[in-house]
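S.K.: Just the structure for this:
(chains A and B)
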Amino acid sequence: MREPSPADFAGWGRCPVVPGRLVQSEDLLAITRGAALSRGLGRAYGDAALPATPRDVIAQTTLADRLLAFDSATGVLRAEAGASLLDLNRLLLPRGWFTPVTPGTQFVTLGGMVAADVHGKNHHQAGSFGEHLVALKVRVADGRVVECSDAIERELFRATIGGMGLTGHILEVELRMMAVPSPWIWSESERIPNLDAMIDGLRQAAHEWPFTVGWIDCLTRGAGLGRGILFKGRWAERAAETVGGGAPPAFRRMLRIPFELPEWVLARWSVRLFNTAYYWRHLARVRRGRVHPQPFFYPLDAIERWNLLYGRHGFTQYQCVVPHAEGHGPTRRLLDLVASRGTASFLTVIKDFGAEGKGMLSFPRPGITLTFDIPVRSGTAALVAEFNRLVRAEGGRVYLAKDALTTAEDFLAMEPRLAAWQRVRRQWDPGRTLRSAQSVRLMGDSA
Amino acid sequence: MLGATKGIGRALARQLAERGDRVFLLGRNADDLARSAKDLEIRGAGGLAGFALCDLVSPATFGPALDRAHQALGGYDCVVVTAGTLAPQERLEAEPALAAELLTVGFTHTILFCEEARRRLLAMGGGTLCVFSSVAGDRGRKPVVLYGAAKAGLSRYLEGLDHRFRGSGLKTICVKPGFVKTGMTAGLKPPPFAAEPDAVARRVVRAIDRGEPEVYVPGIWRLVMLVIRMLPRAVMRRVGF
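M.R.: Predicted structure coming up:
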């Protein structure tokens, strides 16, 4: 049925939850007409894919998931915006093709990957998702359907990459897939004693390894601040690395969180227990081996509905990037801030970014990016404000696909690029009819 | 396949194509069919999937469409019908034209299409005719008086067809899905046991391979409907489902 029906919306962090109207069909052209925003699999953590008002219609794209063209010589793929990365991986990895850039979950749609201009463990080499796009088909606010690329309607193209769905409804995505030598990952991981060693390790690994990321034990302070495990990977190539492998077995979800867990479960003591065990379980020597791409890229996809771990009030994922600095002062201060707070970050991830991409409002820029998962409690907004004060001062910025709690003032100070992006948006949508709860919160859109 | 561009039909066509079956699509929108055919071609191991126009509203299209499929595939051994319409009981009560269309398409025309397919399959020495009916046809119930009536008639037809021609090599499969989360049911509140199209399709593929005459999906509905069929009228009259 094509009529919108009332529904409650939340991001993956389950905070905030807001009412709106939902419409869903295989026919994206029909459901995006008059809709305020498109939404895919709902993995944006905060309010990026939430309605601005209860009247606003959100078009859910996930039923529009057809592959429209695939050139098995060049790897160029065109698909409807609701096609999921899970589906692409399942179909194309056995044939030797993988997405050029993958976020940390495969439960995302192509449209969502464009709107957030997602990045992955290979950002230092491959850049963000937008760098690999050939063209987009977009329904703009006045109802027209516009094909855009670097050659035609270039500004719309670049404003839509990382534009959080606010420049138009993304209908079709065309991208260049990446040829891979095998369906396996060759991975190395090592224990890292402190932050300096972690950042040096990331930097050194960047030349040799296409995939790098660090996990940090966020509760250790002092000399061990920033200690953790550094993961490096590349597609397995040599016969010895893939021997006996063949195609990797299908990925199964191992665990399902059955219900919302009580909030005491994820507390400082349990995080400390986990972190300590995880850190020391990894022995001092380097661990090497062939691993399945799915646990390598998507460790949390194995736990269905893991967002329920955080309990009734949900959680926020805070991700920022700060430019490189002598002595890693800003990164150190951010980590120290988290470590000193009562609410621990269950998962803390560090990564060095490569060059800035073509998206006018895309998140990645050269520097160090940190990601914290923080349960939403009474002091969480204040903690985010403290993070933001630091990030602002360093010339860094936050990731809109994660954000739920940044203030408009902080956002404006972090985003000198906003005015240029708004100018393009105004050309295509002078009345700002496309909007989200996030664009009302951060960009001055009317509710 | 008639009705493979959306919902359960889309999921089913994909699973058949991915395992190497050659699938030919019938439907009423050429653009939509072309996009689905391309999708199946990319996913599939069976090569190019063709399509032809066929509309359950006009029986004149049935024979020519099936003949086009024959030409393209060089014969076929299975015909699947997932197409159908659904409208709320209240709307059907208020709009006689809508009720007439639902009854005509869901019962008479679906059966006429099956007859065309039946003749051709038998001429080729048999095969499988797999048609989507519904659990709604198993008992007269308040929310699905008209829809249920059409589906009840369709289920009976399929049962009779199976009895009559199984000996001649034509297996008829009556699929009875419960609530499935598709575009057709979007906006309705999913009841208990609501199923995903992929899971339903997996079960139907197995039923086609085994030639099961009647399939409830998810399987729990066989039990649920058994109980509901045994409920006395006095109870059915009082409850809302």
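S.K.: Just the mean pLDDT for the helix or strand hosting A:F411, thanks.
M.R.: Here A:F411 sits within helix A:408-414, counting by DSSP states H and E. Per-residue pLDDT values over helix A:408-414 give a mean of 98.
S.K.: Give the buried residues for it.
M.R.: A:410-411, A:413-414 (16 or more other C-beta atoms under 10 Å in any protein chain shown). Any C-beta I mention is one placed from the backbone N, CA and C, and that applies to glycine too.
S.K.: Now do the longest helix along chain B: distance to the chain's middle.
M.R.: With secondary structure taken from DSSP state H, chain B has its longest helix at helix B:145-165. Relative to its chain's centre, helix B:145-165 lies at 12 Å (C-alpha atoms, centre = their mean, to the nearest Å).
S.K.: Checking that helix against chain A, do any of its residues make contact.
M.R.: No: taking C-beta under 8 Å from any C-beta of the partner chain as the criterion, helix B:145-165 and chain A are apart, separated by no less than 13.9 Å.
S.K.: Packing partners of the next helix or strand after that helix?
M.R.: Later in the chain than helix B:145-165, the nearest helix or strand by DSSP H and E is strand B:170-177. Contacts defined by 3 or more C-beta pairs under 8 Å, 6 or more residues apart in numbering or on different chains; DSSP states H and E place strand B:170-177 against helix B:110-123, strand B:127-132, helix B:145-165, helix B:197-210, strand B:214-217, helix B:220-230.
S.K.: now those in a markdown table, with distance to A:L334, mean neighbour count and mean pLDDT?
M.R.: Formatted as a markdown table, the helices and strands packed on strand B:170-177 follow (distance: least, C-beta to C-beta, whole Å; neighbours: other C-beta atoms under 10 Å in any protein chain shown; pLDDT from 0 to 100):
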| stretch | distance to A:L334 | mean neighbour count | mean pLDDT |
| --- | --- | --- | --- |
| helix B:110-123 | 63 | 19 | 98 |
| strand B:127-132 | 56 | 24 | 98 |
| helix B:145-165 | 59 | 18 | 97 |
| helix B:197-210 | 42 | 18 | 96 |
| strand B:214-217 | 51 | 21 | 96 |
| helix B:220-230 | 51 | 14 | 91 |
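S.K.: show me the contacts for B:V217.
M.R.: B:175-178, B:180, B:195, B:199-200, B:203-204 (C-beta atoms under 8 Å, 6 or more residues apart in numbering or on different chains).
S.K.: Tell me which helix or strand comes right after the helix holding A:F411.
M.R.: helix A:418-428.
S.K.: got the contact list for that next one?
M.R.: In contact with helix A:418-428 (C-beta under 8 Å, 6+ apart) are residues A:140-142, A:155-156, A:158-159, A:163, A:166-168, A:360-361, A:411-412, A:432, A:443.
S.K.: Who are the contact partners of the residue nearest the centre of chain B?
M.R.: Nearest to the mean C-alpha position of chain B, by C-alpha atoms, centre = their mean, lies B:F132 at 2.4 Å. By C-beta under 8 Å, 6+ apart, the contact set of B:F132 is B:3, B:8, B:81-82, B:84, B:175, B:177.
S.K.: In terms of secondary structure, what does the helix holding A:F411 contact?
M.R.: helix A:380-393, strand A:397-398, helix A:437-443.
S.K.: Mind checking the ones you listed for the one nearest to chain B?
M.R.: helix A:437-443 (21.4 Å; C-beta to the nearest C-beta).
S.K.: for the closest one, packing partners?
M.R.: helix A:408-414.
S.K.: Just the CA atoms from stretch A:18-26 would do, formatted as CSV, please.
M.R.: Extracted C-alpha coordinates of stretch A:18-26, given in CSV (Å, rounded to 0.1, in the frame of the first residue of the first chain):
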residue,chain,number,x,y,z
VAL,A,18,10.3,10.4,17.0
PRO,A,19,6.9,10.0,15.3
GLY,A,20,6.4,10.5,11.6
ARG,A,21,4.8,8.8,8.6
LEU,A,22,6.3,5.9,6.7
VAL,A,23,5.7,4.9,3.1
GLN,A,24,7.2,1.8,1.6
SER,A,25,7.1,0.2,-1.8
GLU,A,26,9.2,-1.4,-4.6
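S.K.: if you look at it, does any of it touch chain B?
M.R.: Yes: with C-beta under 8 Å from any C-beta as the measure, stretch A:18-26 is seen reaching chain B through A:22-26.
S.K.: Mind putting those into JSON lines with neighbour count and secondary structure?
M.R.: Shown next, in JSON lines, are the residues of stretch A:18-26 next to chain B (neighbours: other C-beta atoms under 10 Å in any protein chain shown; DSSP: H, G, I helix; E, B strand; the rest coil):
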{"residue": "A:L22", "neighbour count": "20", "secondary structure": "strand"}
{"residue": "A:V23", "neighbour count": "23", "secondary structure": "strand"}
{"residue": "A:Q24", "neighbour count": "25", "secondary structure": "strand"}
{"residue": "A:S25", "neighbour count": "22", "secondary structure": "coil"}
{"residue": "A:E26", "neighbour count": "25", "secondary structure": "coil"}
